[in-house]
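> Curious how this folds, go ahead:
(2 chains)
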Amino acid sequence: MASNHGPKGRRGPGLAPGEKLQKGIVKRVVKDIFSFFPVRLPIVLTCILLSALISAMPSIFQQKVIAVIETAYKSGNWTGVKGDIFGYVRILVLLYSIALICNVIFTQMMATITQGTLKKMRGKLFERMERLPIKFFDRRPVGDTMSLYTNDIDALRQMISQSFPQMLNTAVMITTVIFIMLYYSIFMTAVVLSGVALMFVITKFIGGGSARFFFKQQQAIGKTEGYIQETISGAKVVKVFCHEDECREEFEQLNEHLFTVASTANKYANILGPILNNMGNILYVIVGIAGGMFIATGARNIGLGGMGFSISLVVPFLGMTRMFCGQIGQISMQINAVVAGLAGCERIYRVMDEEPESDEGYVHLVNVREKNGELIETDEKTGLWAWKHPHKMEGTVTYTPLRGDIVLDGVDFAYNEEKQVLFDVSLFAKPGQKVAFVGATGAGKTTITNLLNRFYDIADGKIRYDGININKICKVDLRHAVGVVLQDTNLFTGSVMENIRYGRLDASDEDCIAAAKRVGAHDFISHLPEGYDTIVSGNAANLSQGQRQLLSIARAAVADPPVMILDEATSSIDTRTEATVQAGMDALMKGRTTFVIAHRLSTVKNSDVIIVLDHGRIIERGSHDELLKAKGQYYRLYTGAFELE
Amino acid sequence: MVIRKLVGSIRQYLASTIATPLLIMGEVILECTIPFYMAELVNRINAGAAVSEIARFGGILAVMAMGSLAFGMVAGFTSATASCGFGRNLRSDMYAAVNDFSFDNIDRFSTSSLVTRMTTDITNVQNAFMMLTRIAVRAPFMMIFAFIMAFRLGGRMAWIFVVVVPILGATLIRVAYVAMPLFRRIFKKYDRMNESVEENITGMRVVKSFVREGFEEHKFDVASEDVRKDFTKAEKILAWNQPVMQFCLYAVMVFVLSFGSYVVITTRGVEADIGQISAMLTYSFMILSSLMMTSMIFVMVTLASESANRIVEVLDAKSDIVSPDPEHACESVANGSIEFDHVDFAYKGNPDNMVLKDVTLKIESGKTVGIIGSTGSGKSSLVQLIPRLYDPTAGTVRVGGVDVREYDLDVLRKNVAMVLQKNVLFEGTIAQNLRWGNPDATLEELKHACHLSCADEFIESKEGGYEYRIDHGGANISGGQKQRLCIARALLAKPKIIIFDDSTSAVDTRTDAMIRKGMREYIPETTKLIIAQRTASVEDADMIIVIDDGSISAVGTHQELLKNNDIYREIYESQNKGGDDDGK
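Numbers count the residues shown, from 1 in each chain, chains lettered A, B, ... in the order given. A predicted model of the protein is given here:
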């Protein structure tokens, strides 16, 4: 379990150098949000638009008011101009009120939209994930998939709730301000814009450097974290070998490297603010001087509004310069968030776009009752099951009773094209028979069991369940008919009772307790502090390995399928607990067709058929006594001359 | 207390730590003075001043901006150095503390919690530290300074700030006060939701084989909806900050334009002039945004303080197993004899559960001793007392006739090698891992040890042989191979006592026997303790100890125990008869 948290699966948000964003990703996000909130989103957009437009306006009023002041400046006649000024101010107040209302509406709605979108995205992602084939999980570290729900969704939140509105706001404001500026004076606009262009270049340069080093920092953190994880979980070994000083030394090296990249990354990030800020100040001064020069020299102004240079024009220009620079500062703060958000989005979409597990099966498992030797389908819970097999060609339906007869016929299989894992595997199990698979790691034992419930589809050959090709059986029904007890017990957070009921959701408490009793789990459960209500957490160690196994056996017992796959645990539990677990497994196997991936000779000995596998081929088969007589691999294994793992 | 402890980790970065706020004050002073001169400049222009005068003012302003830029950049550098350096020292201090931990300490904190404390928590504190040195100084200082400047420059106009600042301040405090506990609760729920996602990913085979996809989706949807509701509520509260800030800015704007015009016109530019109007707007932005910053920092620091507490907890934890002071410490182990004298033992986390009860035992140097008993009977606890991984609750453990507490820890542990039940190899080459046992071992010695532990064969088949790289957690070698390497590693230490804690469980019986034979010949004087599940592993021992429920049930040879001890016989029979025959 610890390996799930290893540094390999971890990654920070954001783009790795060289990683490129897919085209159209922004469009897809916006489209998705729109489909989730077809009414709210347009309202929000309108509000942002209005509020941004109005926020860009004051310079106009400033210009007007100052123009009025200029006329009354010498005379000092307040009453004469009072009306004009208050007239302007009244309009401004009105506009501001609208802007404020818009602001309240869009910020409140944005909270709803953001969280709603995240929830929808999470839900869609989870839903798709649950339907993906096992193959998908094989090739992906757990940490990578987890990161979608933590890092990437978080990045998305930041992007939707803050960056998107901010960017839109900025875009509108800047456009409006540019128009107002052009209206006033083209010369002055040119001065402002050239300064802003320089700011852009610098932002890009510093931002690039900071992104590069933040990525390096992420890597360094990963390495350091890996080392800490390794040496703390191995602390007992460190102590037993008195290796503390060596570990510290090695750690200090990693720590030193982390410090170097982290401080460089932060230096880049820290200076961006002061640079933009003071460039803004300098630009402010330049605009002031330029304006002053134009007025003093009496230069001719060219502007769409046709006004001459005057103080009433320079003052609002100064305000607009400040606004402009402020907006650039805002964008520079959002850029990283946007990139991280889009990168996260892309990863989420990539998983959503994965092909889900297909199911073309048309043979279903149904409840039946027997009447005059014939099987008749019914909705009642009769406890009697049959395969309902429609034959399209003939237009008939046949019912085959569910018995648990399994046949593998010439099965070939490969996880990927390069390496075939199973070669021409043929075997059969009559209902109630016990088949044990024996062989070294990688011989193909687990693979065979994975094919039975169609976690993977075979390349060649056939597998039949009660004489029906399992490719024809609907996966859901097939899996209902095949139970598993895996080595990794994988319990789920919840009570003991809920974990047992996982096997069959409509099982009553009595059913669950009965199943626990049957497999010998009842004893330890009643000794737990809260009995069946004790909360088990998926990975916490409030249960011992043996107890967890007993629970997973009880879970399978409640499901009560005619075919069971058992993967015995290899981990060392002591002889006595092992005996309990063994007894539980034996109880579970009773009356079922069972495939056991065996690790204990006692289990193997008691099987009807033993299949010895080597490199994907069956090399020996037979009962215990037959195989001992043959003096082959199994004989060597049994006498301890061969390792069983 | 917490603060004082943390401050102790600043050390060589003290200069940068102090320089940062000073530089930032310089930056702020210049930044706040700029609008003041700017207003003057505007007034001159309005008054029709000569170009040379405008240029002179412009020059002053440009120099001020350059100065502010210089201060800001240097502060950016020093604060990066200070905060990352602080984080580095903190990490280093924690690692050193954890390194000195006794097993009891480690058990109490748990590995995953220690890892989180050394990574996420340190990052949080480091970020808060950077905020504190930069913005926590910048924001309030700017607010105060801008306030003063606004009054100096704007006269009566500045009174508007006395109105809007409390409005914004109250809102910010209120929002933080309501939202913060909400956010804390959400993060917990959020974590729980993600834990259940992780359960799903790791348990996907179970989900699929029980056809529980729909069930899980529903479960997830409920949790996710719960998170959404709370999160929306919290964000809506937080969302009030922006319009209120906007309102304050607007209010200043309206007030300055109307009342400002009145002042300018009626006093004919004496109390305030046109330049002052635009400067007031600049100040209003400075004041209000620094107020907002302050509240942000407040929230951040509060959240980081939890991390800080968790860090200090680790720094403050004192190891309860330390070497005696060097003058009195015993510097050599005479021989490999072991003696338990009325030893009681309970783990500190669970003091009521006596794991060992009145164990008295004597093992002569050089003997091979088997230990057998069921899980939880106290076998592992017993042997862990020998290299002083834990101290007994009562009684004495002696090695070479001396109480283990009198030895220098390094000396003791170098003489008592142990192959633990939880075998751990580290990322690195096979040779590097083996040299943990003896850093000076030659390749010949490595090969010899591996020959004895039957590891040589598989090592030579690996690409690069002894230079073959082992992955994180030893993921690229099998369990049996791992155990063989761990045995070789312990052999290389040439200890007086070697302990095998169920360390051949994944090795086949023949190899198991070969390893034991090799040891007898290679290290005849070393006392060998073997904890095993299989009676076969201890059959040929000089003496076998049967432990049951924390006490010694019997001591004897294989034959004696078969005759006299029920527990031993039961275990032996269950393993040699091949289980119950009515299994079907």
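> Show me how far stretch B:75-83 is from its chain's centre.
Offset of stretch B:75-83 from its chain centre (C-alpha atoms, centre = their mean, to the nearest Å): 24 Å.
> Ok, stretch A:285-298 next?
So, by C-alpha atoms, centre = their mean, the centroid of stretch A:285-298 is 57 Å from its chain's centroid.
> Can you mark which positions in it are buried?
Neighbour counts over stretch A:285-298 (16 or more other C-beta atoms under 10 Å in any protein chain shown) mark A:Val285, A:Ile286, A:Val287, A:Gly288, A:Ile289, A:Ala290, A:Gly291, A:Gly292, A:Met293, A:Phe294, A:Ile295, A:Ala296 as buried. For glycine as for every other residue, the C-beta is placed from the backbone atoms N, C-alpha and C.
> Mind checking the pLDDT average for stretch A:472-487?
Averaged over stretch A:472-487, pLDDT sits at 90.
> I should have written stretch A:346-357 there, sorry.
Stretch A:346-357 shows a mean pLDDT of 92.
> Excluding residues flanking it in the chain, which one is nearest the residue most central in space within chain A?
The centroid of chain A falls nearest to A:Leu148 when counting by C-alpha atoms, centre = their mean (2.7 Å). With C-beta to C-beta, 6 or more residues apart in numbering or on different chains as the criterion, A:Leu148 has its nearest non-adjacent residue at 5.6 Å, and that residue is A:Ile348.
> secondary structure element for the one you found?
Counting by DSSP states H and E, the element that carries A:Ile348 is helix A:311-352.
> Name the next helix or strand following that helix along the chain.
Using DSSP H and E, the helix or strand that directly follows helix A:311-352 along the chain is strand A:364-371.
> Okay, domains of chain B per the record?
According to automatic domain parsing, chain B comprises the domains B:2-316, B:338-576.
> Which of these sits closest to A:His364?
Closest approach to A:His364 among those (C-beta to C-beta): domain B:2-316, 12.8 Å.
> if you average pLDDT over the closest one, what comes out?
Averaging pLDDT along domain B:2-316 yields 89.
> Distance from that domain to the middle of the chain?
With C-alpha atoms, centre = their mean as the basis, domain B:2-316 stands 25 Å off its chain's centre.
> Confirm for me that B:Phe247 is in contact with A:Ile101.
No: in this structure B:Phe247 lies outside contact range of A:Ile101 using C-beta atoms under 8 Å: 10.9 Å.
> Between the two, point out the one with more neighbours.
Taking other C-beta atoms under 10 Å in any protein chain shown, B:Phe247 and A:Ile101 do not tie; B:Phe247 has more neighbours (20 against 14).
> So which residues of the stretch 101-250 of chain A form helices?
Taking DSSP state H, counting those that start in this stretch, the helices of the stretch 101-250 of chain A run over residues A:134-138, A:142-147, A:153-158, A:164-184, A:186-233, A:235-240, A:244-297.
> The first one close to chain B?
So the one you mean is helix A:134-138. Yes: using C-beta under 8 Å from any C-beta of the partner chain, helix A:134-138 reaches chain B at A:Ile134, A:Phe137.
> now swap in the last one and tell me
Yes: in terms of C-beta under 8 Å from any C-beta, part of helix A:244-297 sits within range of chain B, namely A:244, A:246-248, A:251-252, A:255-256, A:258-259, A:262-264, A:266-267, A:269-271, A:273-275, A:277-279, A:281-282, A:284-286, A:288-289, A:291-293, A:295-297.
> Of these, select the buried ones using a PyMOL command.
Here is the PyMOL command that picks out the buried ones among those, judged by 16+ other C-beta under 10 Å:
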select buried, chain A and resi 244+247+248+251+255+258+259+262+263+264+266+267+269+270+271+273+274+275+277+278+279+281+282+284+285+286+288+289+291+292+293+295+296
